[in-house]
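[1] return a 3D structure for these sequence lines:
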Amino acid sequence: MTIDERKTSNNATSVIQNLILENRGKLSVSGVLDVLSFDDQVVIVETELGLLTVKGENLRINKLSIDTSEVIIEGDISSLAYSEKDMEKGKGSFMSKIFK
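    Numbering: from 1, shown residues only. Have a look, this model is predicted:
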């Protein structure tokens with residue numbers, strides 16, 4: 001699938017979200033609705049496209065602007081993962097799914 005095909009297939013959602021990871025040390029995220037939880041190893045961000053879980057070491061939120069829907073996370077980033085906003089009930093807690 002080419003980039004142009006992906007752009008046209010994603011137009012149904014009409015949500016544009018950018019993730020910019022610089023040298024695994026600085027992550028800029030747009031389309032942020034809220035920061036649900038954070039510590040120095042895990043940051044969970046609610047975005048327009050679902051929940052984004054950032055894992056690593058020495059993580060810190062350098063910039064958070066709900067007005068512009070942006071967040072910048074710095075530290076030693078080891079993983080990024082999306083999950084759905086609406087998780088089914090009875091399938092385990094949210095935190096248990098993160099720490100499988």
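[2] can we go C-alpha only for contacts and neighbour counts from here?
    Will do.
[3] which stretches of this structure form strands?
    19-22, 26-30, 32-38, 42-47, 50-65, 70-83 (DSSP state E).
[4] just those strands: most buried one?
    Most buried of the strands of the chain, by mean neighbour count (mean count of other C-alpha atoms under 10 Å): strand 42-47, with a mean of 20.
[5] okay, and for the chain, where does confidence drop off?
    Low-confidence segments of the chain (pLDDT under 70): 1-13, 85-100.
[6] tell me the centre residue of it?
    Using C-alpha atoms, centre = their mean, the residue of the chain that lies closest to the mean C-alpha position is L52, 2.7 Å off.
[7] check contacts around that residue.
    Contact partners of L52, counting by C-alpha atoms under 8 Å, 6 or more residues apart in numbering, are 44-46, 80-83.
[8] G25 touches D76, doesn't it?
    Yes: with contacts counted by C-alpha atoms under 8 Å, G25 reaches D76, the gap being 5.2 Å.
[9] would a markdown table of the contacts of L52 with distance to V29 be doable?
    Listed next are the contacts of L52 as a markdown table, based on distance: C-alpha to C-alpha, whole Å:
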| residue | distance to V29 |
| --- | --- |
| I44 | 12 |
| V45 | 9 |
| E46 | 11 |
| L80 | 11 |
| A81 | 13 |
| Y82 | 13 |
| S83 | 15 |
